[in-house]
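Colleague: Have a look at this prediction, sequence included:
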Number of protein chains: 2
Amino acid sequence: MSASTGLARTPEPPYHAVIFTSKRSPVDERTYGVVAQRMVDLGSRYDGFLGIESARGSDGVGITVSYWRDEASILAWKRDTEHEKAQRGGRDAWYDAYEVRVARVERAYGFAREPAT
Amino acid sequence: MSASTGLARTPEPPYHAVIFTSKRSPVDERTYGVVAQRMVDLGSRYDGFLGIESARGSDGVGITVSYWRDEASILAWKRDTEHEKAQRGGRDAWYDAYEVRVARVERAYGFAREPAT
């Protein structure tokens, strides 16, 4: 992730994306925050990880998109023991609802403002 | 979009997703809000539109994912005259940076808590 923008620096497509959209429940804010950050740290060390972007608004709706080289990398991370435990925590307490969509990125383009000189 | 969760109700894959990640500039909050909402209203009336999810955090990083039946629907909306004008506004003023990724959703699964009885 670019520290200055919060946008992931991904290679030329094709690559894969996991779009995780969630509605937080109003409980257990502190533990949730610790576990969520731990999952970012742990997942980003997996082979095939390309980047991550995340945003959550004041209405509790959050979107995290992680980018991966291939499906095999995604499946390896999904089956990580600590990640599986966090997934159970998500269903048991932290989310009212979520949706996971696994997609193949086919094209991409962007814009970045030139720094003022 | 489900009013209760903010999550889009999409059909079984395959379908397409446009992942729009942006870093807001600190200017022109009021006009930006009006135009952004107008783009949601306008885009959602396009043929092939399936749903939209959006979140922006206090750091200015936002993610909007719109879902579409096919690539042709995405291109028709991209070329909408009013949308093209808003895209120019984004580059001229509202965003420091953005990235658009067009992807094909291949599988999806979710969770929703049972309402308390």
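Modeller: On my side now, so go ahead.

Colleague: Which of the helices and strands in chain A ranks last by mean pLDDT?
Modeller: helix A:29-43 (a mean of 94; mean pLDDT, DSSP states H and E).

Colleague: quick one: strands adjacent to the lengthiest strand in chain A?
Modeller: Longest strand of chain A, by residue count under DSSP state E: strand A:95-112. Strand pairing for strand A:95-112, determined by DSSP bridges: strand A:15-24 (antiparallel), strand B:95-112 (antiparallel).

Colleague: mind giving me JSON lines with those strands and columns for distance to B:Y32?
Modeller: Placement of C-beta: from N, CA and C, glycine included. What follows is the strands paired with strand A:95-112, written out as JSON lines (distance: least, C-beta to C-beta, whole Å):
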{"stretch": "strand A:15-24", "distance to B:Y32": "22"}
{"stretch": "strand B:95-112", "distance to B:Y32": "9"}
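
Colleague: Any idea which of those gets closest to B:H16?
Modeller: With distances scored as C-beta to C-beta, the stretch of those nearest to B:H16 is strand B:95-112 (5.7 Å).

Colleague: what is the orientation angle of that closest one with helix B:29-43?
Modeller: Using axes from the mean of the first three to the mean of the last three C-alpha atoms, to 10 degrees, the direction of strand B:95-112 lies 50 degrees away from that of helix B:29-43.

Colleague: about what we covered before: sort out which residues of the longest strand of chain A are buried, please.
Modeller: In terms of neighbour count (16 or more other C-beta atoms under 10 Å in any protein chain shown), strand A:95-112 has its buried residues at A:95-105, A:108, A:110, A:112.

Colleague: Then stretch A:9-21?
Modeller: In stretch A:9-21, residues buried by neighbour count (16+ other C-beta under 10 Å) are A:T10, A:P13, A:Y15, A:H16, A:A17, A:V18, A:I19, A:F20, A:T21.

Colleague: May I have the predicted confidence score for the fifth one?
Modeller: The reference is to A:A17. At A:A17, the model reports a pLDDT of 98.

Colleague: go on, the last one?
Modeller: At A:T21 the predicted local confidence, pLDDT, stands at 98.

Colleague: How far does the least confident helix or strand of chain A sit from its chain's centre?
Modeller: 11 Å (C-alpha atoms, centre = their mean, to the nearest Å).

Colleague: Direction included, what does the helix or strand hosting A:E53 pair against?
Modeller: According to DSSP states H and E, A:E53 maps onto strand A:49-56. Neighbouring strands of strand A:49-56 in its sheet, by DSSP bridges, are strand A:61-68 (antiparallel).

Colleague: For the strand it pairs with, buried residues please.
Modeller: Neighbour-count burial for strand A:61-68 [16+ other C-beta under 10 Å]: A:V61, A:G62, A:I63, A:T64, A:V65, A:S66, A:Y67, A:W68.
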